[in-house]
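Enquirer: Okay, sequence plus prediction incoming.
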Amino acid sequence: MSALVANDLTPLLGLNAASATQTSSLCVQYIQTAFTIDNSEIKKLAGEINIPQKEVMAMVLALSKIFAESSKRQHNEHFFRKAISPYALPDPVADAVTGVYLKNQKLIFENTPSKNSSTREYTDLSWRMDVEIARRSVQNMAEPNWKFNVSTSKEPIEFQCDAAMLDKLKGELELALREEKDTHSQRF
């Protein structure tokens, strides 16, 4: 996750286990209601934990993002704790957040937008490289060709490409990763 998420989670550091559980439960509610939340819930929680509403909302958004991403990756307790470890949450808070995540993991997964969309969702990738060593007319000219099998939630996709197309694919994927780290993308 990003530095923005870390900053938004800072209020969690000062909470006790009960308040962390309450905050985490609000995150589950936020995900369950198609990423909408009643402002009165934020206001109520802000009053109970004595943190400004704006910071509570940012904290709920950031923690919800961690919940959704961990659920999509089907993180068990070990991997979820690893996902939240960069935020250095105190043990009672980390235990409370992890408990709420584990208790609601299936619900979170079922309500995460990419799971409910009609588009295919990536699940696995396998590949191999074929190299033609020689032809009758041309020798000593190796031309690699990559074959990919992309497993998706609906059906597998197979394709092949040469070195130039693979380099273009690499560039596009790197661009997508850079875009995810863009400041505007972080808020979503």
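Expert: Received the coordinates, thanks.
Enquirer: mind listing what the nearest residue to Ala142 once chain neighbours are set aside touches?
Expert: Once flanking residues are discounted, Ala142 sits nearest to Val131: 5.1 Å by C-beta to C-beta, 6 or more residues apart in numbering. C-beta here means a position set from N, CA and C on the backbone, and glycine is covered the same way. Listed by C-beta atoms under 8 Å, 6 or more residues apart in numbering, the contact partners of Val131 are Ala142, Glu143, Pro144, Asn145.
Enquirer: Which helix or strand contains Val131?
Expert: strand 122-132 (DSSP states H and E).
Enquirer: So in that sheet, which strands flank the helix or strand following that strand, and in what orientation?
Expert: The helix or strand immediately downstream of strand 122-132 is strand 143-152, counting by DSSP H and E. Partners of strand 143-152 in the sheet, by DSSP bridges, are strand 122-132 (antiparallel), strand 157-161 (antiparallel).
Enquirer: Just put the contacts of Val131 in TSV and tack on distance to Ile66 and pLDDT.
Expert: Output for the contacts of Val131, formatted as TSV (distance: C-beta to C-beta, whole Å; pLDDT from 0 to 100):
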residue	distance to Ile66	pLDDT
Ala142	46	71
Glu143	45	77
Pro144	40	84
Asn145	40	88
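Enquirer: Quickly note the distance from the residue lying closest to Ser151 once chain neighbours are set aside to Arg178.
Expert: Using C-beta to C-beta, 6+ apart and skipping residues adjacent in sequence, the residue nearest Ser151 is Asp124, 4.0 Å away. Per C-beta to C-beta, to the nearest Å, Asp124 is found 24 Å from Arg178.
Enquirer: Please apply the same query to Leu169.
Expert: From Leu169 across to Arg178, the span is 15 Å (C-beta to C-beta).
Enquirer: Among these two, which residue is more densely surrounded?
Expert: Ranked by neighbour count (other C-beta atoms under 10 Å), Leu169 and Arg178 place Leu169 first, with 14 against 10.
Enquirer: Skipping its backbone neighbours, what lies nearest that one in space?
Expert: Once flanking residues are discounted, Leu169 sits nearest to Cys161: 6.8 Å by C-beta to C-beta, 6+ apart.
Enquirer: what pairs with that neighbour across the strands?
Expert: Trp146.
Enquirer: repeat for Asp130
Expert: Following DSSP bridges, Asp130 is listed with bridge partners Asn145.
Enquirer: wait, isn't it in contact with Asn145?
Expert: Yes - contact status for Asp130 versus Asn145: in contact at 4.8 Å, counting by C-beta atoms under 8 Å.
Enquirer: Among these two, which residue is more densely surrounded?
Expert: More neighbours surround Asn145 than the other of Asp130 and Asn145, with 15 against 10 (other C-beta under 10 Å).
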